[in-house]
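Engineer: Structure for this input, please:
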Amino acid sequence: MGTIYYGGSATPIHIDDRALSHLKVVIATKLRRGESFTVSWPHPDDEPGGRSTIWVHPSIALRFVFDDPEPVELNRSWIETLAQSANSSGGIMLVAEQIEAAPAEPADNAPQTVDVAD
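Structural biologist: Numbering: from 1, shown residues only. Sure thing, here's the model as predicted:
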């Protein structure tokens, strides 16, 4: 479980390492451009219902902490989805990763067995 430490808040924001890795890429890109935006996420099942939103601005301190020392392999499609929401008036909405199915193998119509004459 990763953690975001935001501004001077003593309350850490806990997010799955994999999701946080993807979110970090999008946040860093926006901040590098000097852009401000919001980030929203639904509350976990073990917390009261609802969602939270933070305003992210280049002048506000932000630190990402990951439990796993190894970086995850990033899903380009998920980053693009998060980036599209970052550019909307609603800001980034942390959504679940959508795994794309691998393309189906084409049918192999070639003979699979060969009769050998005795």
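Engineer: Identify the residue spatially nearest to residue 64, adjacent ones excluded.
Structural biologist: Spatial nearest neighbour of residue 64, excluding adjacent residues (CB to CB, 6 or more residues apart in numbering): residue 24 at 5.1 Å. Just so you know, the C-beta spots here come from the backbone N, C-alpha and C atoms, and that holds for glycine as well.
Engineer: Phi first, then psi, for that neighbour.
Structural biologist: phi -60, psi -40 (degrees, to the nearest 10).
Engineer: burial measure for it, as a count.
Structural biologist: 18 (other CB atoms under 10 Å).
Engineer: Residue 89 versus that one, what's the distance?
Structural biologist: Residue 24 sits 22 Å away from residue 89, taking CB to CB, to the nearest Å as the criterion.
Engineer: So for residue 57, what's the nearest residue that isn't a sequence neighbour?
Structural biologist: residue 36 (4.5 Å).
Engineer: residues near that neighbour, how many?
Structural biologist: 13.
Engineer: Kindly report the same for the one 3 residues further on.
Structural biologist: Number of residues near residue 39 (other CB under 10 Å) recorded here: 24.
Engineer: Ignoring the adjacent residues along the chain, who's closest to it?
Structural biologist: residue 92 (4.5 Å).
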